[in-house]
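S.K.: Got a predicted structure plus its sequence, pasted below:
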Amino acid sequence: MRTPTRTLLFLSLASGLAACKGDDLADKKAVETTTAEGSLASASADSAEHRGVSMVRMINALPNAKDASVSADERAMFSDVGFKTVTPYAELKDNVATFRLKAGDRDTTIASNNEIMMDGSRYSLIALPEGMGNVRLRVLKDELATDSTKARLRVIHGVNGVGEIDVVMAGMTEPFFDNISLASEAGYKNIGPVKTTVTVNLNGNGKQLLKREMDFKAGHAYSMVLTGTVGQRIEAIVIDDQAISNAKMMMMESRKKAP
């Protein structure tokens, strides 16, 4: 049976439109970030990867820097970032950047970092104390949980005035992380979904610095940024990142547009 040329053209156009719609849905896949302050704006990670750009967010873990700002080369990225604040992700113009950290109204750079980013990846810029009054701007790659049956945790040490620390989970005989030095991180490690008590101790003498209840959910990646000064209040900034489905992303966008 011979198919008319006009019918073939129509089928071709319909197929192309369906493919475009599928690409748009793929770009809707995003990352939902939750902190103690609530849910942050979602980051379209797949879309950024498709276009070859990286995404960055800032975390201010400096108790004495109430209003911090970060620039990438000459472009202002984040401004007036308060202590313990986690910003939403922002697209990075170039994958090779020099980040500069400033605090308050001062025009002086207090820390900088030259970094080569990977196309489509997500990063956290974390302002941390480094001891002796110095400040460090860490650039860490953010990773989601790859095993849907597990959670992931990483810990970043920003407690001024103490040496190495250990992280202990209730019910475990060995530390979950140990020997984490100031301004350093213990990279992601898998943990089964569980509600448990997380304790941060001084390495060596076991003195407790912080104790916190956490609910680790499967498919979530957690970052715990420890901050404060020994002898004063020590806190944990906990960030929960979760990959969300196309359907959920579209539902969230629909709610935003609703009157």
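M.R.: Received it, and whenever you're ready, just let me know what you need.
S.K.: Going by C-alpha atoms from here, please, whenever you check contacts or count neighbours.
M.R.: Fine.
S.K.: Just the pLDDT for Met250.
M.R.: The predicted structure scores Met250 at 49 on the pLDDT scale.
S.K.: Begin at 95, not 1, for the rest of this chat.
M.R.: All right, first residue 95 from here; so that's Met344.
S.K.: in this structure, which segments are predicted with low confidence?
M.R.: Residues of the chain meeting the criterion pLDDT under 70: 95-123, 131-146, 339-353.
S.K.: how about the helices of it, start to end?
M.R.: All helices of the chain, identified by DSSP state H, fall at 99-121, 139-145, 340-351.
S.K.: Contacts only, for the nearest residue to Val229 once chain neighbours are set aside.
M.R.: On the basis of CA to CA, 6 or more residues apart in numbering, the spatially nearest residue to Val229 that is not a chain neighbour turns out to be Pro223, at 4.6 Å. With contacts defined as CA atoms under 8 Å, 6 or more residues apart in numbering, the neighbours of Pro223 are 155-156, 229-230, 252-254, 276-277.
S.K.: Equivalent analysis for Leu247, please.
M.R.: If a contact means CA under 8 Å, 6+ apart, then Leu247 has 281-285, 315-318 as its contacts.
S.K.: okay, those in a markdown table with distance to Gly176 and neighbour count next?
M.R.: Formatted as a markdown table, these follow (distance: CA to CA, whole Å; neighbours: other CA atoms under 10 Å):
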| residue | distance to Gly176 | neighbour count |
| --- | --- | --- |
| Gly281 | 25 | 14 |
| Tyr282 | 26 | 18 |
| Lys283 | 29 | 16 |
| Asn284 | 30 | 16 |
| Ile285 | 31 | 16 |
| Ala315 | 23 | 27 |
| Tyr316 | 21 | 26 |
| Ser317 | 18 | 22 |
| Met318 | 17 | 18 |
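S.K.: Report the separation between the residue nearest to Val229 and Asp236.
M.R.: 20 Å (CA to CA, to the nearest Å).
S.K.: Could you do Phe270 as well?
M.R.: Distance from Phe270 to Asp236, by CA to CA: 20 Å.
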